[in-house]
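> got a predicted structure here, sequence first:
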Amino acid sequence: MPIKSSEITPEALYRQRRRMIALGLASLTLPLTSGLFANTKEQDMPELGDIDSDGQGKLTATKLETINSYNNYYEFGFAKTDPSQAAKTLITSPWSVEIGGEGADKPGLYDIADLHSEYAIENRIYRFRCVEAWAMVIPWNGIPLAKVIKAAQPNSKARYVRFQTLHDTQQMPNANWAGGPYIEGLTITEAIHPLAMLATGIYNQPLEQQTGAPIRLVVPWKYGFKYAKSIVRIDLVESMPRNTWWRQNPNEYGFYANVNPRFDHPRWSQASERVIGSFGRQKTLLFNGYADQVAYLYPDLSDRRYFY
Amino acid sequence: MRPKRLILAINLVILLLLLGQMLAAIQASDMASELRDTSGRWASYLLLATMLFTPLGYYRPVLRRYLPLRRHLGLWGFALAMMHLLIWVTLEFGFAWALMWQEMDGNLFIWLGLVALLLLVPLALTSNTRAMRKLGYRNWQAWHSLTYVAVPLALGHYLLAQKVVTAEPVLLLVVLVMVLVWRYRHAH
Ligand code: HEM
């Protein structure tokens, strides 16, 4: 696969360049064998700054205090300000993530510390778009999801990846808001896409509880509810997982949940978004600005199924 | 305390309370949405509160002395709802009319809010003694029964504005339904 940019971004980038990067490195390190990934097409990763070509100007990263105090984490309450207060008691160390499912030939239990020592932490500044029509720009630190999946040795049954958040009624005051653990899912091709990552930090600080500590999913071309937080299990499975919001309200939320300004939520428009920390609105971009990288995953862009 | 003084004191308390709420909202990491939601919520509480006067006065006739307060609560509620709309137009959309139109297009909850606010305009304009005299009490009362349309629409708007059904709008709606049922039973 021809990869244009594989820069590992130094910390200084946050202050100096504050620009979108997406690393091609992940795809280089994925000499994936099984026919599973046959439809992963070759593609160019964006160069540093390419992402600005939409004419919206440079991305300015949202302030850390803002990222850490405006959160949706329903297990800790429904208001945006609830999680930063109620989640402080969540114990995030030690923490391990179990990786398994019928599609994994090499299941395993990974301590967060193991993941950190095994894989280089990468920095990615991504747009973040919530289904509620607000947006941030977040400098994540984490590991490419593809690496973790590859280590589990996916077999032909690995068609989907299912993510499960901690479900602890002792530590989470509103743990049962959805009647069980928070579930999310991706197709295997989405999961091994180089843009997908497992984040463990923001601005080179460990994630705080309210942002999904100690490890959470990041899929920048999808709505924020896909980004499962405080993950305890990752399963490679054969059938499509019923993710929590799909289960909660199938008319309004589905499996793919890719950002698309042309498909409105049944109760509000997705055409524009509020940038948290500043005033006014900006237009929402197809696949949240990552269309060049991910559109090939979805054969029919007029199919609503992909966009809610 | 004489009713007049108490009413004044209650208005002062409301003023201070709202100032406190708005100051807190300004500190929030997303000031625009916090101000919008705070003003919308307090508009809902105060507008619903105006509807409690008739049933409460029926069971506790002494409370009828505080009837002027109903008008004050209604005006506070209306002012907050206007502020809510203005925040939406300015802080949230920055006067981007095209984007606002897209937001409204096919969006039921926005229209419920708009219609509710529109219905409140004549009520706010006639919430003074002069207008009441001019209209005559019967006419005035007929106009002000628009409350029974506007407040349900506003609370429906609140319910639909949330991603999930939350307790608060449901609670307000339960109170509303109780008032409506009571009114229906005591209409004649
Ligand atoms: C009597 C009139 C109105 C009342 C009582 C009212 C009340 C409310 C309440 C209580 C909320 C929820 C706040 C929360 O989530 O904590 C809300 C949300 C909202 N209202 Fe209103 N509202 C009114 C009119 C309007 C109008 C005229 C508009 C705009 C055209 C509007 C736009 C909105 C928006 C955009 C939201 C936020 C939805 C979200 O969370 O994304 N409202 N309103």
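Looks like it came in fine. Numbers count the residues shown, from 1 in each chain, chains lettered A, B, ... in the order given.
> flag every residue of the stretch 151-300 of chain A that's near chain B.
A:177, A:248-249, A:264, A:267-269, A:271-272, A:274, A:276-277, A:279-281, A:283 (Cβ under 8 Å from any Cβ of the partner chain). From N, CA and C alone the C-beta is placed, and that goes for glycine too.
> again, 7 Å this time
A:Asp264, A:Arg267, A:Trp268, A:Ser269, A:Ala271, A:Ser272, A:Arg274, A:Ile276, A:Gly277, A:Phe279, A:Gly280, A:Arg281 (Cβ under 7 Å from any Cβ of the partner chain).
> which of the residues you listed count as buried?
Buried members of these, scored by 16 or more other Cβ atoms under 10 Å in any protein chain shown, are A:Asp264, A:Arg267, A:Trp268, A:Ser269, A:Ala271, A:Ser272, A:Arg274, A:Ile276, A:Gly277, A:Gly280, A:Arg281.
> nearest to the ligand, of those residues?
A:Trp268 (6.4 Å; Cβ to the nearest ligand atom).
> quick one, phi/psi of B:Asp30?
Main-chain dihedrals, B:Asp30, degrees, to the nearest 10: phi -120, psi 90.
> cool, A:Ala291 as well?
Dihedral angles (degrees, to the nearest 10) for A:Ala291: phi -60, psi -40.
> circling back: would you reformat the residues of the stretch 151-300 of chain A next to chain B as JSON lines and include pLDDT?
What follows is these, written out as JSON lines (pLDDT from 0 to 100):
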{"residue": "A:Asp264", "pLDDT": "92"}
{"residue": "A:Arg267", "pLDDT": "87"}
{"residue": "A:Trp268", "pLDDT": "89"}
{"residue": "A:Ser269", "pLDDT": "90"}
{"residue": "A:Ala271", "pLDDT": "92"}
{"residue": "A:Ser272", "pLDDT": "93"}
{"residue": "A:Arg274", "pLDDT": "91"}
{"residue": "A:Ile276", "pLDDT": "91"}
{"residue": "A:Gly277", "pLDDT": "84"}
{"residue": "A:Phe279", "pLDDT": "82"}
{"residue": "A:Gly280", "pLDDT": "85"}
{"residue": "A:Arg281", "pLDDT": "88"}
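> need the residues you listed in TSV (columns: distance to A:Leu115 and secondary structure).
Compiled in TSV, these are given as follows (distance: Cβ to Cβ, whole Å; DSSP: H, G, I helix; E, B strand; the rest coil):
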residue	distance to A:Leu115	secondary structure
A:Asp264	38	coil
A:Arg267	39	coil
A:Trp268	37	strand
A:Ser269	39	coil
A:Ala271	38	coil
A:Ser272	37	strand
A:Arg274	34	strand
A:Ile276	29	coil
A:Gly277	30	coil
A:Phe279	39	coil
A:Gly280	39	coil
A:Arg281	38	strand
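> so can I have CSV of these showing distance to A:Ala87?
Converted to CSV, these look like this (distance: Cβ to Cβ, whole Å):
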residue, distance to A:Ala87
A:Asp264, 31
A:Arg267, 27
A:Trp268, 27
A:Ser269, 31
A:Ala271, 32
A:Ser272, 30
A:Arg274, 23
A:Ile276, 18
A:Gly277, 21
A:Phe279, 28
A:Gly280, 30
A:Arg281, 29
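> ok, and of those residues, which contact the ligand?
Subset of those in contact with the ligand: empty, counting by Cβ under 6 Å from any ligand atom.
> which one of those sits closest to B:His144?
Distance to B:His144 across these (Cβ to Cβ) is lowest for A:Arg267, with 30.8 Å.
> A:Thr187 versus the closest one, what's the distance?
27 Å (Cβ to Cβ, to the nearest Å).
> try A:Met172
Distance from A:Met172 to A:Thr187, by Cβ to Cβ: 29 Å.
> those two: which is more packed in?
A:Met172 (24 against 16; other Cβ atoms under 10 Å in any protein chain shown).
> what bridges to A:Leu217?
On the basis of DSSP bridges, A:Leu217 is bridged to A:Leu198.
> same question for the one 5 residues further on.
Listed by DSSP bridges, the beta-bridge partners for A:Lys222 are A:Asn258.
> so it touches A:Ala257, yeah?
Yes - A:Lys222 is within contact range of A:Ala257, at 5.0 Å (criterion: Cβ atoms under 7 Å).
> tell me the spacing between A:Asn72 and B:Gln162.
For A:Asn72, the distance to B:Gln162 - Cβ to Cβ - is 12 Å.
> those two: who's more crowded?
Taking other Cβ under 10 Å, A:Asn72 and B:Gln162 do not tie; A:Asn72 has more neighbours (21 against 15).
> show me what contacts the more buried one?
A:Lys80, A:Cys130 (Cβ atoms under 7 Å, 6 or more residues apart in numbering or on different chains).
> wait, is it part of a helix?
No - A:Asn72 is assigned coil when assessed by DSSP: H, G, I helix; E, B strand; the rest coil, not a helix.
> contact partners for the residue positioned nearest the centre of chain B?
Ranked by distance to the mean C-alpha position of chain B (Cα atoms, centre = their mean), the top residue is B:Leu47 at 3.0 Å. By Cβ under 7 Å, 6+ apart, B:Leu47 lies in contact with B:Gly74, B:Gly77, B:Val151, B:Ala154.
> do the same with A:Val219
A:Leu186, A:Glu190, A:Ala196, A:Lys226, A:Tyr227.
> the closest residue to B:Phe95 other than its chain neighbours - how many residues pack around it?
Distances taken as Cβ to Cβ, 6 or more residues apart in numbering or on different chains place B:Val89 nearest to B:Phe95, at 6.5 Å, with adjacent residues excluded. Each residue near B:Val89 was counted by other Cβ under 10 Å, and the total is 13.
> phi first, then psi, for the residue of the stretch 201-308 of chain A at minimum distance from chain B.
Chain B sits closest to A:Gly280 of the stretch 201-308 of chain A, with a gap of 3.2 Å, by Cβ to the nearest Cβ. Here is the backbone geometry of A:Gly280 (degrees, to the nearest 10): phi 80, psi -180.
> OK, contacts around it?
Contacts of A:Gly280 by Cβ under 7 Å, 6+ apart are B:Phe93, B:Gly94, B:Ala96.
> among the residues you listed, which ones are in helices?
Using DSSP state H, no member of these falls in helices.
> my guess is A:Ile183 contacts A:Met240. True?
No - taking contacts as Cβ under 7 Å, A:Ile183 lies outside contact range of A:Met240: 11.3 Å.
> if anything else comes up later, I'll come back, but that's it for now.
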